[in-house]
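> Could you work out the structure for the sequence below:
(3 chains)
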Amino acid sequence: MDFNLTEEQEFFRRTIREVVEKMIIPKAEEIDQTDEFPWELWKEFTKLGYLGLRYPPEYGGMGLDKVSCMIFYEEITRGSVGFAQSVIMNMLMGTHFIYRFGTEEMKQRCLIPAIRGEKIATICFTEDQSGSDLASIRTTAVKDGKYWVINGKKQWITNGPICDFATVLATTDPSKGLKGLNFFLVEKGTPGFYPGQKIQKIGCRGTVTGELIFDNVRIPEENLLGEEGKGIQYLQEILDEIRIMTGAMALGIARSAYDEALEYARKRVAFGHPIGHYQLIRAKFADMATELDAARLLVWRAAWMLDKGLTCTKEAIMAKMFATETCIKVVDECTRIYGANGMALEYAPQRHFRDARFLLYGGGTHEVLRDYLGRLILGKL
Amino acid sequence: MDILVCIKRVPDSEAQVEVKEGNVLKIEEKYTINFFDNLAVEEAIRIKEKVGGKVTVFTFGSSSSIEVLRTALAMGADEAILIEDENVPYKDEFVTAKVLSRAIKDIPYDLILCGREAFDTSSGLVGPFLGKMLGIPVITMVTKVEVKPDERQLEVEREIEEGRELLRVNLPVLLTTQKGLNEPRVPTVMGLLKAMKAQIKRIKVEDLGIKPDSIGEETKVEISKLWEEKKKRRIRWIKGTPEEMVKELIELLKSEARVL
Amino acid sequence: MSGILIYGEHREGRLKRVSYELLSRGREIAQQLGEKVKAVILGNQLEEVAQEASSYVDEVYLFEDPILENYNSEIYLQILEKLVKREEPSLIMAGATLQARELFPLLGGILECSVIVECVDIKIGDGKLSYVKPFYGGKILGEVIPKRYPHIVLVRPRVFQVKEKPAGQGLIRKEEVQIDMSKVEIKTLDVFKVKEKITDITEADVVVCGGRGLKAPENFNLLMELAEVLGGVVGATRAVVDAGWRPQSEQVGKSGKTVSPNLYFAIGLSGAIHHVMGMDSSKVVVAINKDPTAPIFEYADYGLVADLFEIVPILIEELKKERG
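Purely as a prediction, here's the structure:
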């Protein structure tokens, strides 16, 4: 069993790390403080072409393996969570269904510019009353001749207020529950489609999250992505990947907090020694290092299974849950290592602490996931 | 223009370094391309982009040095060559320069770029040694390069204590880079992919007609002892009247701390 | 092989300070080992420089000619190579200046001998010399033994002390200057004597940093004066940057810049850990603060518990007198 990354993956990881350290990390605090979308950084970064990692070359992508993609997600999240969320939305959820089911024209209009960073993508599931319970969404799509008419309101949409196009989950038949769910492509400028309120968040600041309103939005029939009724089936295709990706993001946040706490413990002096000298502080690092390593192995193993085409639903959930819960623990510990300084806005740990919260429901709440994994293990009883 | 660049993999400036029994160094696993060598790679690529040509990067080191060769390729270098040092028991700057000169002497080149010094040794010897071994002029601390390819000359600005001087030199020449020369680019994903897939040429010193054992004897210096610079500060309180304190401080800064 | 040869680097008609340092130390070493010590000076119109040097050494090789007026590595090398091959000194010392750090490695390449750069100490044991130099950015020190004569050692400025000029005079030998210009490929076109204002505090050798103890933005003028006299720059804590007293570019600390100058003054600042993390690797730290319990004293080499408004003006005065 070779637990090592290949030489190319190591090189990829190191290079991305350096890019993040040079371009993103210096801006991270400003992004968090202003909570403004960093347009300049977006332009600079997307120009380098990294957004196409998981798509094939004919769309300007790189067709990279999933493990390398996870490495990428981890590293940019370590740089700035807010910025990373917007980037990953363009790279994964916001463009995937167009790549899979869109017409060539749609790909030219939406996918390729999104990969180049020229357009901002997003995906809409959540509504005010529907989070985990997708079957209960109330956004409807009604056929009218050669058009679909979309009505509804989506909430908590990453990139929502600034998006150029959106993949929207809507129901064509509420009575069919999950089987009535479908994905539709809605583009900016379509009458009736407009952004609503921006949400003020305690973490993941910088990325613009908010409402999207659909008021009798008429879209051509080909904007139904894929076959009618298969929306959930299509979603299953990338659910594992989304979960593993969330795990990778958790690693990024945790590592950011961990690295800083390590430097702090080496420098901060109390009772005549750097605090890292003391046993209980050392113990904290020992535990954090162990759990982070375990989390990373779970994330990479699940990604490896994706690359090999193996079913990895269980492993993806494990990776997501364990990495997230480890991250929550790590950011907590790290703020404590800073003592009172952990409360101060001047120091970074509080930012990681705030940023980490979204992991608990992004990619699935742990309450739902735990139950689901348990059911998978025990079977139908 | 054919440009050769000599680079080195060095520990990150933040990496912890400890000395263990027997003068063995324990270095934290954080390595990177030497800062000044990175400037050299960037400059070589810029010159190539302006006047055309080829950029080849060399390093004399262990297999892990391939990392920095790939970084150079990702930035836009055309070819990368690793000269393996695994069998060479001892190497100092002279041996390094000699090995590099053997690898280089049969390759056509117009310009060689090196960093002004490596982070781990701060010697700045390899560049000048290499230049002399190849019989070409050397200019160190370069902050600007202007190519005049038709006339086979370069106009070069370099740092001196009082400021800068402008020099003209005939090709071929070896230049060493100084901070301020350029701002190295961040690799694009295309560059990164190209670097990941690239075939790195690996040469053994034997291929250069050098016997690994005997080259070790050609070192010009030997390191007999290594120890850690005491990092912990112990404060020295300066007391007295303000005038007295100032006098004592200045004296200490001059004679003890040696920073004035 | 025998004897010590010292490179007398000079500027504007005077020996550089590091040359005095090496002449002093070189003379000491020569006396201890019972060797001769000589100096070599290249340039134009250097009578005074040669006189100065000759007090420390047995002999000065003086190469005077208009062609040597401006440093040119290829021209200087022709002279040094011939001289060294003729006189065969066992040790050649020069200050680790920008000029010497180009010239002497090249000489070492020609002679295929030992070259040690940035020496910070010379140890004498059993009539033999060994040299200490830093590695890994100064985190590690190592003792280096040269194996092949002549031993060329470039010494870091300010490592050795300048000793009082001895009475007496050594011999000054005016040497013939013969340069084969056909072999000189480098030509100097222009020299810009620019003392560029350092805009990046991470590049400065000296940083004078102030915090809230300065009480008001205009008081930073005091620090600017001190910085000027020391040839350094002004730095600021996050508190005063947030208060708008100083620009962000001067902020030292985790969310500002990390500096590691030779000399760092922490004036009127408490030393919050995130600030400390931005300057902890400075070579020498001097803290001036009224409060003896200020955390900054944990990270300083020299501590002055005093009123900065009393100390700093006096410090500036005394330093000006020194520069005088």
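
> and stretch A:38-51 with chain B, contact?
Yes - Stretch A:38-51 lies within reach of chain B by C-beta under 8 Å from any C-beta of the partner chain, at A:K47, A:L48, A:G49, A:Y50. To be clear about C-beta, it is placed using only N, CA and C from the backbone, and glycine gets the same treatment.

> thought the last one was touching A:F72?
Yes - shown here, A:Y50 and A:F72 form a contact pair, counting by C-beta atoms under 8 Å, at 6.8 Å.

> Looking at the two, which one has more neighbours?
Per other C-beta atoms under 10 Å in any protein chain shown, whichever of A:Y50 and A:F72 has more neighbours is A:F72, with 28 against 22.

> Might you report the residue contacts of that one?
A:F72 is in contact with A:F12, A:I16, A:Y50, A:L53, A:L64, counting by C-beta atoms under 8 Å, 6 or more residues apart in numbering or on different chains.

> same check, this time on C:A167
C:S55.

> what do you get for the one 4 residues further on?
Going by C-beta under 8 Å, 6+ apart, C:L171 touches C:S54, C:D58, C:E59, C:V60.

> With secondary structure and distance to A:P57 as added columns, please give those residues in CSV.
Compiled in CSV, these are given as follows (DSSP: H, G, I helix; E, B strand; the rest coil; distance: C-beta to C-beta, whole Å):
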residue, secondary structure, distance to A:P57
C:S54, helix, 74
C:D58, coil, 74
C:E59, strand, 73
C:V60, strand, 70
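
> Highest neighbour count among those?
For the contacts of C:L171, neighbours tallied by other C-beta under 10 Å; top is C:V60, 27 neighbours.

> correct me, but it touches C:G170?
Yes - the pair C:V60 / C:G170 is scored as a contact, 6.2 Å apart, by C-beta under 8 Å.

> Identify the contacts common to those two.
C:K38, C:S54.

> tell me, what's touching A:Y50 and A:F72 both at once?
In contact with both A:Y50 and A:F72: A:I16, using C-beta under 8 Å, 6+ apart.

> rewinding a little: of the contacts of A:F72, which is the nearest to chain C?
A:I16 (22.5 Å; C-beta to the nearest C-beta).

> residues near that closest one, how many?
24.

> okay if I get the contacts of A:F72 as TSV plus distance to chain C and pLDDT?
Listed next are the contacts of A:F72 as TSV, based on distance: C-beta to the nearest C-beta, whole Å; pLDDT from 0 to 100:
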residue	distance to chain C	pLDDT
A:F12	27	93
A:I16	22	95
A:Y50	26	94
A:L53	30	93
A:L64	33	91
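
> Residue in the stretch 51-200 of chain A with the shortest distance to chain B?
A:M62 (5.7 Å).

> hang on, that residue is in a strand, isn't it?
No - applying DSSP: H, G, I helix; E, B strand; the rest coil, one finds A:M62 to be coil, outside a strand.

> Tell me the secondary structure at B:S123.
Classified using three-state DSSP, B:S123 is coil.

> residue contacts, the nearest residue to it once chain neighbours are set aside?
Distances taken as C-beta to C-beta, 6 or more residues apart in numbering or on different chains put C:V117 closest to B:S123, at 4.4 Å, once the chain neighbours are dropped. Applying C-beta under 8 Å, 6+ apart to C:V117 gives the contacts B:E117, B:S122, B:S123, B:G124, B:L125, C:A96, C:R101, C:P105, C:K133, C:L154.

> Share the number of residues neighbouring C:G125, please.
7.

> what do you get for C:V153?
Using other C-beta under 10 Å: C:V153 sits among 25 other residues.

> what do you get for C:T199?
C:T199, neighbours per other C-beta under 10 Å, totals 9.

> again with C:Q51
14.

> re the thing from before, let me know how buried the residue of the stretch 51-200 of chain A closest to chain B is, in neighbour terms.
22.

> Checking my notes, C:V286 in a strand, right?
Yes - when three-state DSSP is applied, C:V286 is found to be in a strand.

> Torsion angles phi and psi at residue 131?
No chain in the question, so chain A it is. A:G131 adopts backbone torsions of phi -120, psi -90, taken as degrees, to the nearest 10.

> Thought A:T365 was touching it, still the case?
Yes - counting by C-beta under 8 Å, A:T365 is a contact partner of A:G131 at 7.3 Å.

> where exactly do the strands run in the stretch 201-324 of chain C?
Remark: strands assigned in the stretch 201-324 of chain C by DSSP state E, counting those that start in this stretch are C:206-210, C:233-236, C:263-267, C:284-289, C:302-305.

> got it, and chain A?
Taking DSSP state E as the criterion, chain A carries its strands at A:121-124, A:140-144, A:147-158, A:165-171, A:181-187, A:193-198, A:209-220, A:224-225, A:269-270, A:273-274.

> Now distance to A:D355, mean pLDDT and mean neighbour count too, for these, in a markdown table please.
Output for the strands of chain A, formatted as a markdown table (distance: least, C-beta to C-beta, whole Å; pLDDT from 0 to 100; neighbours: other C-beta atoms under 10 Å in any protein chain shown):
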| stretch | distance to A:D355 | mean pLDDT | mean neighbour count |
| --- | --- | --- | --- |
| strand A:121-124 | 20 | 96 | 27 |
| strand A:140-144 | 34 | 96 | 16 |
| strand A:147-158 | 14 | 96 | 21 |
| strand A:165-171 | 24 | 96 | 26 |
| strand A:181-187 | 29 | 97 | 24 |
| strand A:193-198 | 18 | 91 | 16 |
| strand A:209-220 | 13 | 96 | 19 |
| strand A:224-225 | 31 | 96 | 22 |
| strand A:269-270 | 27 | 82 | 14 |
| strand A:273-274 | 27 | 87 | 13 |
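
> JSON lines please, covering the ones you listed and showing distance to chain C.
Formatted as JSON lines, the strands of chain A follow (distance: least, C-beta to the nearest C-beta, whole Å):
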{"stretch": "strand A:121-124", "distance to chain C": "31"}
{"stretch": "strand A:140-144", "distance to chain C": "48"}
{"stretch": "strand A:147-158", "distance to chain C": "26"}
{"stretch": "strand A:165-171", "distance to chain C": "36"}
{"stretch": "strand A:181-187", "distance to chain C": "40"}
{"stretch": "strand A:193-198", "distance to chain C": "26"}
{"stretch": "strand A:209-220", "distance to chain C": "25"}
{"stretch": "strand A:224-225", "distance to chain C": "44"}
{"stretch": "strand A:269-270", "distance to chain C": "5"}
{"stretch": "strand A:273-274", "distance to chain C": "10"}
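
> Give me the contacts around stretch C:94-106.
B:123-125, B:127-129, B:131-132, B:138-141, B:159-161, C:6-7, C:9, C:16, C:18-19, C:21-22, C:71, C:73, C:76-77, C:80, C:92, C:115, C:117-119, C:152-157.

> contacting residues around the residue of chain A positioned farthest from its centre?
Centroid-distance maximum for chain A: A:G272 at 43.2 Å, with C-alpha atoms, centre = their mean. A:G272 is in contact with no residue at all, counting by C-beta under 8 Å, 6+ apart.

> Show the backbone phi and psi for it.
The phi/psi pair for A:G272 (degrees, to the nearest 10) is phi 90, psi 0.

> And C:K254, by the same measure?
phi -60, psi -40.

> that older thread, from the contacts of stretch C:94-106, which land in helices?
B:127-129, B:131-132, C:18-19, C:21-22, C:73, C:76-77, C:80 (DSSP state H).
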